[in-house]
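K.L.:
give me coordinates for this.
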Amino acid sequence: MTPKAVFWDMDGTLVDSEPLHAAALASAMRSEGLEPPADLHERALGQTAAHIYAMMREEFGLTLPFPDWIERKYSHYLADLSGLRPRPGAIEIFREINALGILQAVVSNSDRMVVDANLSAVGLLYPGMKTVSRNDVREGKPHAEPFLRAAWLVDVDPVEAAVVEDSIIGASAGLAAGMKAIFWPERPGMRGPAGAVTVNSADELRAALGLG
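P.N.:
Model (predicted):
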């Protein structure tokens, strides 16, 4: 059954931005004399900037104040978005859903400036588009608030909405909001949180959304 609204995560789900985020985070660490761990990408996936900053301080001894740290990280990230690409199949499905008149929103743990820059870079920012960034809520994912705000923005009952996520943190937030959570990991075969529907391809995602 097709939901009345679909809420998309951005990084790693709609756009293949996770490698750029990982590279920017590693560059920011090295600029402070810190050595990025081999599993940095996995540990940062889906997390808020505040959570990552806390990890930098507690585990790696970062002393830079948060405003300076986040500016350093984003300066690396936003320096060149020419390599940013849509996730194969994702934007096609997004546009198909739009054509059907189904409500949609992008819900991200990234800051507003990154949300707008990413969506613009892949040609997915348009007038009237509904987006929720980390700046728009008190609590980021895995809290339910970002998805509940999206439901409020499009005026739909949360139980009639579906969430598409590539991270366990994001899928858990969708479940916490009472929505159907579709877990579409970067690497096929990963297990999602209990209660989520796991898909491993764009075709499986279309089927999970009731698109045939």
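K.L.:
helices of the protein, residue ranges please.
P.N.:
Taking DSSP state H as the criterion, the chain contains helices spanning 18-31, 40-44, 49-60, 66-78, 90-99, 112-121, 145-154, 168-176, 202-208.
K.L.:
can you redo the ones you listed as CSV with distance to Ala161 and mean neighbour count?
P.N.:
Where you see a C-beta, it was placed from the backbone N, CA and C, and this is true even at glycine. Below are the helices of the chain laid out as CSV (distance: least, CB to CB, whole Å; neighbours: other CB atoms under 10 Å):
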stretch, distance to Ala161, mean neighbour count
helix 18-31, 24, 18
helix 40-44, 27, 15
helix 49-60, 25, 16
helix 66-78, 29, 16
helix 90-99, 12, 16
helix 112-121, 19, 18
helix 145-154, 6, 21
helix 168-176, 8, 25
helix 202-208, 13, 16
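K.L.:
quick one: closest of those to Ala196.
P.N.:
helix 168-176 (4.5 Å; CB to CB).
K.L.:
give me the mean pLDDT for the closest one.
P.N.:
Per-region confidence: helix 168-176 scores 97 on mean pLDDT.
K.L.:
got the CA positions of it in PDB?
P.N.:
The C-alpha coordinates for helix 168-176 follow below in PDB (Å, rounded to 0.1, in the frame of the first residue of the first chain):
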ATOM      1  CA  ILE A 168      20.100   2.400  11.700                       C
ATOM      2  CA  ILE A 169      19.900   5.700  13.600                       C
ATOM      3  CA  GLY A 170      17.500   7.200  11.000                       C
ATOM      4  CA  ALA A 171      15.400   4.100  10.700                       C
ATOM      5  CA  SER A 172      15.000   4.000  14.500                       C
ATOM      6  CA  ALA A 173      13.900   7.600  14.500                       C
ATOM      7  CA  GLY A 174      11.200   6.700  11.900                       C
ATOM      8  CA  LEU A 175      10.000   3.800  14.000                       C
ATOM      9  CA  ALA A 176      10.000   6.000  17.100                       C
END
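K.L.:
relative to helix 145-154, how tilted is it?
P.N.:
For helix 168-176 against helix 145-154, the angle between stretch directions is 50 degrees (axes from the mean of the first three to the mean of the last three CA atoms, to 10 degrees).
K.L.:
any idea how far helix 168-176 is from the chain center?
P.N.:
Helix 168-176 has its C-alpha centroid displaced from the chain centroid by 11 Å (CA atoms, centre = their mean, to the nearest Å).
K.L.:
pull the residues that contact it.
P.N.:
Contact with helix 168-176 is made by 7, 9, 13, 45-47, 109, 141-144, 146-147, 162-163, 165, 180-183, 192-193, 195-196, as judged by CB atoms under 8 Å, 6 or more residues apart in numbering.
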